[in-house]
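Engineer: Just the structure for this:
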Amino acid sequence: NLAVLPAFGTHWLLPRLKAGFQAPVLISQHISDGFVDGLVSWLNTLSSLPVKVAEHGEALICEQVYISPSESHMTVAAGDRIRLVPRQDSDIYRPCCNLLLESVATTHGADSIGLIMTGMGRDGATGMLAIRNSGGLTLAQDEASSVIFGMNHEAIQLDAIDQVLALDDIPDYLNLLVTGAS
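Structural biologist: Below is the predicted model:
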């Protein structure tokens, strides 16, 4: 399995994923340049899974969390390798969730789990649809528990989501899917 979490709220979710989470976790979160290293350091104080900034060409491994650098878009290439794509000045979302999700749909299809949570804009909706259309499982945070019902709302409206969950239910469900225990 490959879990992709393009989301805000990683600080809340990652501490609740169990050690032994038998999937790599890829996170694309819109963030300003210069802040990703601090985010990773902070998340490492909270998470039972190690968190790192993704590096071009590195192999994906289970029980590892990869955060996209703000200066590049993270994608997954054949052979379970991270591919960083330089961003363009015209890119609206930095890093772009759709690029990551679409690459996961192509490389992992039915073996992927996509999650979209609270956040502004439309980024992630078409990528979630790509995962769903490839046979992967797609999850979205519900409106009631969202600070901003934007990205997740767009994915739900696009009929890209298999299951809508309250924020409190997401970690247990992911743990059950990946480790067999909530």
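
Engineer: if I pick residue 166, what's in contact with it?
Structural biologist: Residues near residue 166 by CB atoms under 8 Å, 6 or more residues apart in numbering: 141-142, 144-145. Using the backbone N, CA and C atoms, a C-beta is placed for each residue, glycine as well.

Engineer: Can you give me the pLDDT of it?
Structural biologist: At residue 166, the model reports a pLDDT of 95.

Engineer: and the gap between it and residue 142?
Structural biologist: 5 Å (CB to CB, to the nearest Å).

Engineer: list the residues that contact both of the two?
Structural biologist: Joint contacts of residue 166 and residue 142 (CB under 8 Å, 6+ apart) do not exist.

Engineer: which two from the contacts of residue 166 end up farthest apart in space?
Structural biologist: By the measure CB to CB, 141 and 144 form the most distant pair in the contacts of residue 166, at 9.2 Å.

Engineer: Between these two, tell me which one has more neighbours.
Structural biologist: residue 141 (30 against 9; other CB atoms under 10 Å).

Engineer: Phi first, then psi, for the more buried one.
Structural biologist: Its backbone dihedrals place residue 141 at phi -70, psi 140, with angles given as degrees, to the nearest 10.

Engineer: for this protein, what spans make up the strands?
Structural biologist: 2-4, 25-27, 51-53, 65-67, 72-77, 81-86, 112-116, 137-141, 163-165 (DSSP state E).
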